[in-house]
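Engineer: Quick one, structure for this:
(one chain, ligands or ions: 1)
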Amino acid sequence: MLCDILSICALASAAAATTGDHSSRGQKADVVKRDVCIIGGGSSGTYSAVRLQQMNKTVAVVERNNRLGGHVNTYVNPATNQTFDYGVIFWKNTTVVTDYFAYLDVPLARSPLVSPAIPAYADFANASRVSADALATGNLTAGFEAYLAQLAKYPYLTTGFDLPDPVPEDLLLPFGDFVRKYDLGAIAFTISLYNQGMGNILAQPTLYVLKYFPASTAISAFTDSFVTTARHNNQELYDKALEKLGSSVFLDSNVIRIKRYHDCVEVLTSTPTGPQIIHASALLVTVPPELASVGFLDTDGVEQSLLGQFNSSYYWDTILEGSGIPDNVSLTNIDPQAPYGVPAMPGIYIFGYVGMPGLHTVYYSSPHPLSDAAVKADILAQAAALVQSLGYKPPVNGSPTFVGLNAHNPFELTVSTEAIRKGFYGRFGGLQGRRRTWWTGAAWQAQDSSAIWDFTERVVLPQLVAAC
Ligand SMILES: Cc1cc2nc3c(=O)[nH]c(=O)nc-3n(C[C@H](O)[C@H](O)[C@H](O)COP(=O)(O)OP(=O)(O)OC[C@H]3O[C@@H](n4cnc5c(N)ncnc54)[C@H](O)[C@@H]3O)c2cc1C
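Structural biologist: Here you go, the predicted structure:
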């Protein structure tokens with residue numbers, strides 16, 4: 001009832017709302033009523049919307065980009081229409097994943113881990129060639145087994161952050177210390193390549209590394225059983241989801257403010273066609289829940305004190321054309337002087353050959369914020385130095401160009417070990433369902449779409465469906 005009254009008031013007041021979007025000022029807002037309003041149409045937001053629709057709930061998805069998909073980046077070669085995924089690459093072969101893809105009629109295929117490109121290694125900071133032996137710190141199979149044995153101690157890490165009290169001290173160790181303590185050196189470099197975007201992984205609390213590289217990922221990696229879209233176009237999943245969701249999705253739309261009442265939520269957005277008000281029984285927030293990213297929310301003291309504790313690392317994916325690094329060569333960054341060969345960040349992980357002439361993916365991370373311009377400049381400088389020192393043929397057609405660059409920031413959200421020890425995640429979990437608001441996404445599970453969908457399915461959706 002309160003919401004019905006609000007909708008009339010909101011209609012009248014929206015015209016006067018300061019949207020920050022000049023085109024929508026003074027326009028009358030459209031109003032829609034939905035069971036759930038979802039903020040963010042990336043991995044978790046789209047999954048939730050599709051599943052809620054399957055469960056006969058009405059949804060509205062507000063996404064600031066002009067497409068659904070979040071961290072998915074599919075490069076389409078303008079000359080050949082050939083596609084290549086350089087954002088999200090693969091998923092695990094689990095029922096949640098295969099059911100979702102089957103429902104959206106997107107065929108899956110195995111995603112082989114071994115690239116046909118010739119592997120080469122270099123110390124990027126010194127632009128010097130490095131032998132693959134620089135990584136020979138033990139038996140990889142034994143390393144996997146030892147790692148899985150450690151994970152087996154923490155079965156509760158599989159779903160969410162339902163941590164015991166006290167939190168085991170091993171989970172709070174910097175990952176480098178954990179590796180040393182349990183003799184996991186053989187697998188440390190491999191994990192650093194899977195867990196890209198964490199900044200300096202060896203300094204991160206072990207909890208986050210184990211969450212990001214869980215047993216299901218370790219086993220999929222070891223058995224080479226990841227899956228990807230059969231047509232090598234991961235955007236297809238999200239385009240098909242958009243078809244199913246239709247006018248329930250508001251693309252290119254910014255949330256201006258959200259007000260939560262005891263029986264409903266009111267979301268004011270600016271869309272390309274003008275202001276839009278969404279009245280919903282419940283709110284599902286899927287954007288990174290750090291305070292700065294949810295400035296549109298009418299946060300209270302409890303939310304502010306929790307969401308204000310998040311720190312972040314930073315991650316970019318790019319495609320560089322004409323770097324001079326030869327076709328068929330993938331060049332990985334190893335620092336032979338650093339523990340386990342893991343290079344310090346900010347820096348590049350790899351120049352990976354894409355399978356299209358002249359194109360390499362370049363993945364970059366930083367423990368602190370950097371501008372896209374600074375990232376580009378560093379990549380170009382390192383590419384030029386490597387091409388020269390490794391004796392590759394320098395680019396002939398001028399300087400290399402970025403044909404793709406995406407900043408996935410803020411990326412990995414973490415809190416201090418002291419906060420984890422003091423029960424941060426118990427209180428964070430307590431936000432679920434509070435003030436008609438539910439939450440999902442990477443900060444609630446890990447940077448792992450398959451696991452996020454599983455968490456959403458098991459933990460969030462049952463509560464949400466029961467509440468509206
Ligand atoms: C380069 C890269 C490669 C990866 N590869 C893999 C992989 O191979 N396999 C895998 O499982 N995982 C992979 N991941 C991790 C995976 O993508 C993430 O864990 C997952 O996307 C997180 O889902 P999410 O819903 O939390 O966030 P996102 O998918 O980022 O979704 C958040 C959405 O919210 C939108 N948004 C943000 N702010 C607002 C706002 N104010 N208003 C409206 N919308 C907003 C964003 O545009 C975005 O679409 C990769 C990540 C990156 C960056």
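Engineer: near the ligand, which residues of the stretch 51-200 of the chain?
Structural biologist: Residues of the stretch 51-200 of the chain lying close to the ligand by CB under 6 Å from any ligand atom are 62, 63, 64, 65, 70, 71, 87, 88, 89, 90, 91, 197. Just so you know, the C-beta spots here come from the backbone N, C-alpha and C atoms, and that holds for glycine as well.
Engineer: Can you tell me which of those end up in strands?
Structural biologist: residue 62 (DSSP state E).
Engineer: Format the residues of the stretch 51-200 of the chain next to the ligand as a markdown table; extra columns: pLDDT and neighbour count.
Structural biologist: Output for these, formatted as a markdown table (pLDDT from 0 to 100; neighbours: other CB atoms under 10 Å):
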| residue | pLDDT | neighbour count |
| --- | --- | --- |
| 62 | 98 | 25 |
| 63 | 98 | 28 |
| 64 | 98 | 15 |
| 65 | 98 | 13 |
| 70 | 98 | 24 |
| 71 | 98 | 18 |
| 87 | 98 | 18 |
| 88 | 98 | 23 |
| 89 | 97 | 18 |
| 90 | 97 | 23 |
| 91 | 98 | 26 |
| 197 | 98 | 24 |
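Engineer: Looking at the residues of the stretch 51-200 of the chain next to the ligand, spot the one nearest the ligand.
Structural biologist: residue 70 (2.3 Å; CB to the nearest ligand atom).
Engineer: Let me see the contact set for the closest one.
Structural biologist: Residue 70 makes contact with 40, 41, 42, 43, 45, 46, 88 under the criterion CB atoms under 8 Å, 6 or more residues apart in numbering.
Engineer: now with 7 Å?
Structural biologist: Each residue near residue 70 by CB atoms under 7 Å, 6 or more residues apart in numbering is listed here: 42, 43.
Engineer: ok, now residue 174?
Structural biologist: Residue 174 sits next to 202, 203, 204, 205 when contact means CB under 7 Å, 6+ apart.
Engineer: which residues pair with it across the strands?
Structural biologist: Here residue 174 sits in beta bridges with residue 205, as judged by DSSP bridges.
Engineer: Look up the closest residue to the closest residue to the ligand within the chain, ignoring the ones flanking it.
Structural biologist: Distances between the chain and the ligand by CB to the nearest ligand atom are smallest at residue 42, namely 1.8 Å. Distances taken as CB to CB, 6 or more residues apart in numbering place residue 70 nearest to residue 42, at 2.2 Å, with adjacent residues excluded.
Engineer: State the distance from that neighbour to residue 41.
Structural biologist: For residue 70, the distance to residue 41 equals 7 Å [CB to CB, to the nearest Å].
Engineer: rewinding a little: so the residue of the chain closest to the ligand touches residue 71, yeah?
Structural biologist: Yes: contact criterion CB atoms under 7 Å: residue 42 and residue 71 qualify, at 6.5 Å.
Engineer: contact partners of the helix or strand containing residue 304?
Structural biologist: Per DSSP states H and E, residue 304 falls inside helix 301-307. Applying CB under 7 Å, 6+ apart, the contact partners of helix 301-307 are 289, 290, 291, 294, 299, 427, 428, 431.
Engineer: can you give me the mean pLDDT across the longest strand along the chain?
Structural biologist: Using DSSP E, we find that the single longest strand of the chain is strand 274-285. Across strand 274-285, the average pLDDT comes to 98.
Engineer: which residues are contacting it?
Structural biologist: 3, 7, 10, 14, 17, 19, 24, 27, 29-39, 48, 60, 250, 258, 260, 264-269, 294, 436-440, 464, 467-468.
Engineer: about what we covered before: can you flag the buried ones in the contacts of residue 174?
Structural biologist: With neighbours counted by 16 or more other CB atoms under 10 Å, those contain buried members at 202, 204, 205.
Engineer: Without its sequence neighbours, what residue ends up closest to residue 367?
Structural biologist: residue 199 (3.2 Å).
Engineer: mind listing what the one you found touches?
Structural biologist: Counted by CB under 7 Å, 6+ apart, residue 199 has contacts 313, 345, 365, 366, 367.
Engineer: Restricted to strands, list the residues you listed.
Structural biologist: Reading strands off the contacts of residue 199 with DSSP E, I get 365, 366.
Engineer: which of the contacts of residue 199 has the most neighbours?
Structural biologist: residue 365 (26 neighbours; other CB atoms under 10 Å).
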